[in-house]
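# Mind looking at a prediction? Sequence and model below.
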Amino acid sequence: MYRILVIDDDVEILKLMKTALEMKNYEVVTCQNVHVPLKLSDFEGFNLILLDIMMSKISETEICYQIRSKISTPIIFISAKDDEEDILYGLKIGGDDYITKPFSLKQLLAKIDANIKREERSRQAVQDFAEVKRDMGKITFYLEERRVCVNSQDIPLTSREYDILELLSRRTSHIYSREDIYNNVYDEYAETLFGSISEYIYQIRTKFAPFKLNPVQTIRGVGYKWYEE
């Protein structure tokens, strides 16, 4: 049974989502208040996290950055903000998907199902290819754990960032267009803006910059490929 953590400061929404998700045979843990400092153990052991970024007692940055440095569990933001900048910002700080209030339960369930299935497909692909470790020079992929390391140091990638980087590393000479990346990384229910791919690439480069590495090469007018020195 898949386990889902739902964080929202609206008790009525928590009750609604808990009931709806349990009817779909998910195990649901709800949380109305989040306090700093965060306890990592409160966020571990889940297949997906639903997070309301409008909570008044703690900012989305405090939650996401602290979680994302240690876990890769898919996070779906739930927000009343629906501007393009707000959606892109939600993805930039670690979100895998974004749903705006008010939302239908059908839409919510579709997004949850799609994100969990995407994680399952990724893990299954690792098993099918019987590959658990991929050495790319100074960068190493630990595929079963969905981790990327430089000199044995973990790089805190979000789930989307990992998927994009892992895709590029499969065929290092292949150039992937943004359409290719979108079709490989996003599910059919994703409403995330197409332009967010550029933001993910930027975040990947930022996280590797302290190691003087840039694993993504831009091919102007075409797309992206794995950077080979």
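Done, it's in.
# Report the buried residues of stretch 5-23.
The neighbour-count check on stretch 5-23 (16 or more other C-beta atoms under 10 Å) flags 5-9, 13-14, 17-18, 20-21 as buried. For glycine as for every other residue, the C-beta is placed from the backbone atoms N, C-alpha and C.
# and those, which of them are in helices?
Residues of these located in helices (DSSP state H): 13-14, 17-18, 20-21.
# for this protein, which spans come out with low pLDDT?
Along the chain, segments meeting pLDDT under 70 span 53-57, 59-61, 122-131, 187-194, 229.
# and the longest helix seen in it, what does it pack onto?
Ranked by residue count, the top helix of the chain under DSSP H comes out as helix 105-128. On a contact count with 3 or more C-beta pairs under 8 Å, 6 or more residues apart in numbering; DSSP states H and E, helix 105-128 meets helix 11-23, strand 48-52, strand 75-79, strand 97-100, helix 159-170.
# returning to what we had before: so which of the ones in helices among the buried residues of stretch 5-23 comes closest to I76?
Each of those was checked against I76 using C-beta to C-beta; the closest is M17, at 11.1 Å.
# Now do the contacts for the closest one.
M17 makes contacts with 6, 8, 28, 30, 50, 108, as judged by C-beta atoms under 8 Å, 6 or more residues apart in numbering.
# Farthest pair within the residues you listed?
The most widely separated members of the contacts of M17 are T30 and L108, with 14.2 Å between them, by C-beta to C-beta.
# okay but I139 is in contact with C149, surely?
Yes: applying C-beta atoms under 8 Å, one finds I139 in contact with C149, separated by 7.5 Å.
# So if I had to pick from those two, which one is more boxed in?
Neighbours were counted for I139 and for C149 using other C-beta atoms under 10 Å; I139 has more, 20 against 14.
# Run through the bridge partners of that one.
M136, V150 (DSSP bridges).
# give the contact list for it.
148-150, 169, 208, 213, 215.
# most neighbours, which of those residues?
Looking at the contacts of I139 with neighbours defined as other C-beta under 10 Å, the largest count falls to V148 at 27 neighbours.
# Mind checking what secondary structure that one has?
strand (DSSP: H, G, I helix; E, B strand; the rest coil).
# follow-up on the earlier one: got CSV for the helices and strands packed on helix 105-128, with distance to K39 too?
As requested, the helices and strands packed on helix 105-128 are exported to CSV (distance: least, C-beta to C-beta, whole Å):
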stretch, distance to K39
helix 11-23, 19
strand 48-52, 14
strand 75-79, 17
strand 97-100, 25
helix 159-170, 21
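# Relative to E144, which of the ones you listed is closest?
Ranking the helices and strands packed on helix 105-128 by distance to E144, with C-beta to C-beta as the measure, places helix 159-170 first at 12.1 Å.
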